[in-house]
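A.B. asks: the sequence isn't on hand, but the structure is:
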């Protein structure tokens, strides 16, 4: 019996879809049987990021409406044969699916697959409710911006209300140089507000943009990029491994931490 | 004395789905059942977070009721029953229960009756004839209420005057309030956790945050200008007390000590808790 993990953020454009694609590919690279569900009906992207757009025949709405069996709608990945994508419908909207239907679908898929990753749409409306309906765990993606952190906080509250407790946090697009200069929220600032467990920090990296445009997630690229390494670490942590965090910047010397604890530093 | 579990088949829950009950035509969400002072049952009403009296119909077919307290046994006599009837019932119940109570001390609560000396003697007589209980005293309901006066109930001692203290209902929230979550409460609000930006607390009384307050806090809503907002780290987006509003300065660092906000001269003032309370 597998696990259903929803990847959500509240705010748009923080990297939910990129994260879903990378985690999916990473898990498949380690031999897990993985299904990615694109729950962003009407604004589907995951297929593009995965480079599978031209293979779509059936979609999520077809499955829940019974036009096809789940198996028929699943698209096998080009490179990893234990990785599948259930694409979103592009011509419908979020109301085409109900939380109950998602719950049933997720329960069905996790019988056979090790991981079912649900790419959640931005916002807190119907699409969000659908995406979290069948989830066992949640990953929250945020960027070091006040607005993204605020939305993440709202999402954590909503997840708690939906009994989806203990979500894990991914901080995306961190720029160590800006943090060092004090121009960007640092990891500790974010954790102080959100107060949930951190599962990974991904540095801002133009290689992600390149790989996303090519439809080849950075996680599989052995080009020595820090972002790829960060995603590989998250993948291992999702599987329950204890992996040390990447040292992205040397801010947390014992001295500066002491100063922070004693309230001396701003 | 507290009975935490209300049995599902209790008459208060008759004919209602689990968790709900009817009381005086009002729908109650009942979780707990208490015995209040005296013999009256109290229901805990989750909606208003208050105990309301619950009187069971034909609670006893006798006009006297035995109740064990810390001080010993008290026998309560029904208010509206005739004295002769009470004596008869007392005799009958004592016969059943004398063995159970042995030689313990007993008080008799005669309710609102003013007994003559002769009547008191007859009462003692019945007690002596039917049991080995030792009569420690006879009390009226007036005396009983005095015993449970608010001051006594709070455990106040004589050398402490609590005249300027506010007493009122409170709610304790043991969690962090996140963006978009809000609490509106007709009393004091106590949060064991943070109040994040985008979260909101509106209280008719005081607000205490054992954590960092970054959201909006409105104390004394309804006009109580003596209300205050206390937080271990007071860094709210906006503070409101009664009808006075203030916002955080645009550039402000997180304070490193507990602070206290209150109204002074129509403005919201903030002081460190330690110095404020030392005054």
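C.D. replies: Right, received. Where do you want to start? All values derive from a computational prediction rather than experimental measurement.
A.B. asks: hey, let's count contacts and neighbours off CA atoms from now on
C.D. replies: Noted.
A.B. asks: got any ranges where the stretch 101-250 of chain B has weak pLDDT?
C.D. replies: The stretch 101-250 of chain B contains residues with pLDDT under 70 at B:142-164.
A.B. asks: what sits closest to whichever residue of it sits closest to chain A if chain neighbours are left out?
C.D. replies: Here the residue of the stretch 101-250 of chain B nearest chain A is residue B:179; by C-alpha to the nearest C-alpha that distance is 4.5 Å. Spatial nearest neighbour of residue B:179, chain neighbours left out: residue B:198 (4.1 Å); criterion: C-alpha to C-alpha, 6 or more residues apart in numbering or on different chains.
A.B. asks: sec struct for whichever residue of the stretch 51-200 of chain A sits closest to chain B, please.
C.D. replies: Nearest residue of the stretch 51-200 of chain A to chain B (C-alpha to the nearest C-alpha) works out as residue A:154 at 4.5 Å. On the three-state scheme (DSSP: H, G, I helix; E, B strand; the rest coil), residue A:154 is labelled helix.
A.B. asks: so who does it touch?
C.D. replies: Residue A:154 sits next to A:10, B:178, B:179, B:180, B:181 when contact means C-alpha atoms under 8 Å, 6 or more residues apart in numbering or on different chains.
A.B. asks: before we move on, the earlier item: the residue nearest to residue B:179 against residue B:236, yeah?
C.D. replies: No: in this structure, residue B:198 is not within contact of residue B:236 by C-alpha atoms under 8 Å, at 9.9 Å.
A.B. asks: neighbour count for the two, which is higher?
C.D. replies: residue B:236 (24 against 20; other C-alpha atoms under 10 Å in any protein chain shown).
A.B. asks: not including adjacent chain positions, what is the nearest residue to the more buried one?
C.D. replies: Using C-alpha to C-alpha, 6+ apart, the closest residue to residue B:236 is residue B:214 (4.1 Å).
A.B. asks: what do you get for residue B:260?
C.D. replies: Counting by C-alpha to C-alpha, 6+ apart, residue B:260 lies nearest to residue B:230, which is 4.5 Å off, once chain neighbours are set aside.
A.B. asks: now the helices for the stretch 51-200 of chain B?
C.D. replies: B:83-101, B:117-130, B:141-147, B:150-154 (DSSP state H, counting those that start in this stretch).
A.B. asks: most widely separated two among the contacts of residue A:154?
C.D. replies: Spatial extent of these (C-alpha to C-alpha) is set by the pair A:10 and B:181 at 14.8 Å.
A.B. asks: which stretches in the stretch 151-279 of chain B count as strands?
C.D. replies: B:170-173, B:182-185, B:188-191, B:200-203, B:207-213, B:216-219, B:229-234, B:238-241, B:244-247, B:259-264, B:267-272 (DSSP state E, counting those that start in this stretch).
A.B. asks: what packs against the fifth one?
C.D. replies: Under the contact criterion of 3 or more C-alpha pairs under 8 Å, 6 or more residues apart in numbering or on different chains; DSSP states H and E, strand B:207-213 touches strand B:188-191, strand B:216-219, strand B:229-234.
A.B. asks: swap in the first one?
C.D. replies: Contacting strand B:170-173 under the criterion 3+ C-alpha pairs under 8 Å, 6+ apart are the following elements: strand B:188-191.
A.B. asks: contacts only, for residue A:3.
C.D. replies: Taking C-alpha under 8 Å, 6+ apart, we find residue A:3 in contact with A:110, A:114, A:115, A:116, A:135, A:136, A:137.
A.B. asks: by neighbours, which of the residues you listed wins?
C.D. replies: Highest count within those by other C-alpha under 10 Å belongs to residue A:116, 27 neighbours.
A.B. asks: isn't residue A:119 right up against residue A:17?
C.D. replies: Yes: Residue A:119 lies in contact with residue A:17 (C-alpha under 8 Å); the separation is 6.1 Å.
A.B. asks: what is in contact with those two at once?
C.D. replies: Residues touching both residue A:119 and residue A:17 by C-alpha under 8 Å, 6+ apart: residue A:46.
A.B. asks: poorly predicted segments of chain A, please.
C.D. replies: Applying pLDDT under 70 to chain A picks out residues A:250-266.
A.B. asks: off-centre distance for stretch A:86-95?
C.D. replies: Put simply, stretch A:86-95 sits 19 Å off its chain's centre (C-alpha atoms, centre = their mean, to the nearest Å).
A.B. asks: same question for stretch A:143-158.
C.D. replies: Counting by C-alpha atoms, centre = their mean, stretch A:143-158 comes out at 14 Å from the chain centroid.
A.B. asks: stretch A:175-186 too?
C.D. replies: 23 Å.
A.B. asks: do stretch A:103-111 as well
C.D. replies: For stretch A:103-111, the distance to the chain centre is 19 Å (C-alpha atoms, centre = their mean).
A.B. asks: now it: buried residues?
C.D. replies: A:103, A:105, A:106, A:107, A:109, A:110 (16 or more other C-alpha atoms under 10 Å in any protein chain shown).
A.B. asks: what do you get for stretch A:19-37?
C.D. replies: Quick answer for stretch A:19-37 (16+ other C-alpha under 10 Å): A:19-29, A:32-37.
A.B. asks: go on, stretch A:37-48?
C.D. replies: Using 16+ other C-alpha under 10 Å as the test for burial, stretch A:37-48 gives A:37, A:38, A:39, A:40, A:41, A:43, A:44, A:45, A:46, A:47, A:48.
A.B. asks: what do you get for stretch A:96-105?
C.D. replies: Buried residues in stretch A:96-105, counted by 16+ other C-alpha under 10 Å: A:96, A:97, A:98, A:99, A:101, A:102, A:103, A:105.
A.B. asks: those in helices, which ones?
C.D. replies: A:99, A:101, A:102, A:103, A:105 (DSSP state H).
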